[in-house]
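quick one, fold the following:
(one chain, ligands or ions: 2)
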Amino acid sequence: MNTPLNRLRQSLVENGVEAIVVTDPINVGWLTGFTGSFAMVFVTQSGARFITDSRYTIQAQEQVHGIEVRSFGAPRKIEDEISDVARDLNLTEVGFEPSVTFATHDRWKSIFGAVTLRPLSDLLGPLRMIKTSAEVEKIKAACRLADATMEHVSRLIQPGVREIDIALDLEFFVRRQGATCGFDPIVVAGPNSARPHGVPSEYALQPGDFVTIDLGAKLDGYNSDITRTFVVGKASDRHREVYALVLRALLECTAMLKPGIGCHDVDAHARRILDESDLAKYFGHGLGHGLGRAVHDFGRLGPGSTETVTAGQVWTVEPGVYIEGFGGLRIEDDVHVTEGVPEVLSHFPRELMEL
Ligand code: ZN
Ligand code: ZN
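Residues are numbered from 1 along each chain as shown. Ligands and ions are numbered 1, 2, ... in the order given. You can find the predicted model right below:
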């Protein structure tokens, strides 16, 4: 079966790796379904062990299937578990993820004893890029919630309302649906809208402001990530001109997300469009990123990207223009790459809204 565990084993074989210990919670979640904060998953080409501690014994029994679960509590220590597992699995060498810190590696050196620790490149990130249909369904559910949240907060936009009040209401809305915000929501208006990742402030909306709202809902372990930009009151000709170009970049780049195209080619197309009005110089970030268990998941649609668009991936497409003194805007959708026409997963209207 094409399970995450089997795909990781295939990758171990291809990369000549005897065993790996997985501790990054995003990778642990993808591999096993476990959502707790502490676990070590040992995977060899034929065996596997899952270690957690007594805080998560019941949760691990419920969530982890097909891997032997070991859970320890006082007086046993993690050292005891690791030496037992190393003996069970006949480990002589174990690879570890790039996310392991220098301090952890130092500590592990004494804990692992005779087992050699081997730094590995990110083996799981590229595997996580290709989603199963069950994963796509979960991202769709997270996108539906993001759409509903955007709909809810768009009704709050009017002169005098502060950025922080919209952001707070947004979080309440998401959490009342049993989800969490995958990241601190961005609500930036007027001069603050020129900051792509600005923090909501006490600034009160004024007529003629751009308001950019970037939000994500995390539901059942999977994320959505959408952005819309509104105008408070009447849009100026300049608002319309810049918005139209960013929207065109979004739509044309989304349509390009078909198997075989280079990720950097999609990004380059957005810059070409924006340059028709000399605006590419105001687009400092990449066009998009992989989306899944992490908000900024593995993969980038950027000038330096070397990946190729492949069926089963889910990308954000988020062109933006940020002009100090004038303001900024971004429009962001989530897109599933299929063998045919790309499937757009976020549906909140994209046309310029004057509120
Ligand atoms: Zn976003
Ligand atoms: Zn994003």
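
mind listing the helices for the stretch 51-200 of the chain?
Using DSSP state H, counting those that start in this stretch, the helices assigned to the stretch 51-200 of the chain run over residues 57-63, 78-88, 102-112, 124-129, 133-154, 163-176.

next one: the stretch 201-350 of the chain
Applying DSSP H, counting those that start in this stretch to the stretch 201-350 of the chain gives helices spanning 237-256, 263-275.

for whichever residue of the stretch 1-150 of the chain sits closest to ligand 1, which non-adjacent residue is spatially closest?
As assessed by Cβ to the ion, ligand 1 sits closest to Ala146 within the stretch 1-150 of the chain, at 9.5 Å. Glycine gets a C-beta too; all of them are placed from N, C-alpha and C. Excluding the flanking residues, the one nearest Ala146 by Cβ to Cβ, 6 or more residues apart in numbering is Ser224, at 4.0 Å.

re earlier: which one of the helices of the stretch 201-350 of the chain is the most hemmed in?
Comparing the helices of the stretch 201-350 of the chain by mean neighbour count (mean count of other Cβ atoms under 10 Å), helix 263-275 ranks first with a mean of 20.

what average pLDDT does that one get?
Averaging pLDDT along helix 263-275 gives 98.

contacting residues for Asp209?
Contact partners of Asp209, counting by Cβ atoms under 8 Å, 6 or more residues apart in numbering, are 189-190, 193, 231-232, 327.

give me the pLDDT for it.
With respect to pLDDT, Asp209 scores 98.

distance of the nearest residue to it once chain neighbours are set aside relative to Leu117?
Excluding the flanking residues, the one nearest Asp209 by Cβ to Cβ, 6+ apart is Gly190, at 4.0 Å. Per Cβ to Cβ, to the nearest Å, Gly190 is found 52 Å from Leu117.

what of Arg240?
Distance from Arg240 to Leu117, by Cβ to Cβ: 58 Å.

kindly report the same for Gly290.
Distance from Gly290 to Leu117, by Cβ to Cβ: 28 Å.

who has more neighbours out of these two?
Using other Cβ atoms under 10 Å as the criterion, Gly290 and Leu117 rank with Gly290 on top: 24 against 15.

so in terms of bridging, what pairs with Phe72?
On the basis of DSSP bridges, Phe72 is bridged to Asp53.

that one: neighbour count?
When neighbours are defined as other Cβ under 10 Å, Phe72 has 17 of them.

residues contacting it?
With contact set as Cβ under 8 Å, 6+ apart, Phe72 has these partners: 51, 53-54, 78, 80-81.

about what we covered before: could the helices of the stretch 51-200 of the chain go into CSV alongside distance to Pro259 and mean pLDDT?
Shown next, in CSV, are the helices of the stretch 51-200 of the chain (distance: least, Cβ to Cβ, whole Å; pLDDT from 0 to 100):
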stretch, distance to Pro259, mean pLDDT
helix 57-63, 33, 97
helix 78-88, 40, 95
helix 102-112, 38, 95
helix 124-129, 13, 97
helix 133-154, 15, 98
helix 163-176, 33, 98
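
and the ones you listed: which comes nearest Gly262?
helix 124-129 (14.8 Å; Cβ to Cβ).

what sits up against that closest one?
By Cβ under 8 Å, 6+ apart, the surrounding residues in contact with helix 124-129 are 4, 7-8, 11, 22, 24, 26-27, 30-31, 97, 290, 292-293, 297-299, 307, 310, 312-313.

run a quick neighbour tally on Val174.
Neighbour count for Val174, taken as other Cβ under 10 Å: 24.

follow-up on the earlier one: and which of the contacts of Asp209 is nearest to ligand 1?
Ligand 1 has its nearest neighbour among the contacts of Asp209 in Ser193, at 14.1 Å by Cβ to the ion.

residues from the chain in reach of ligand 2?
Residues of the chain lying close to ligand 2 by Cβ under 5 Å from the ion are 225, 316.
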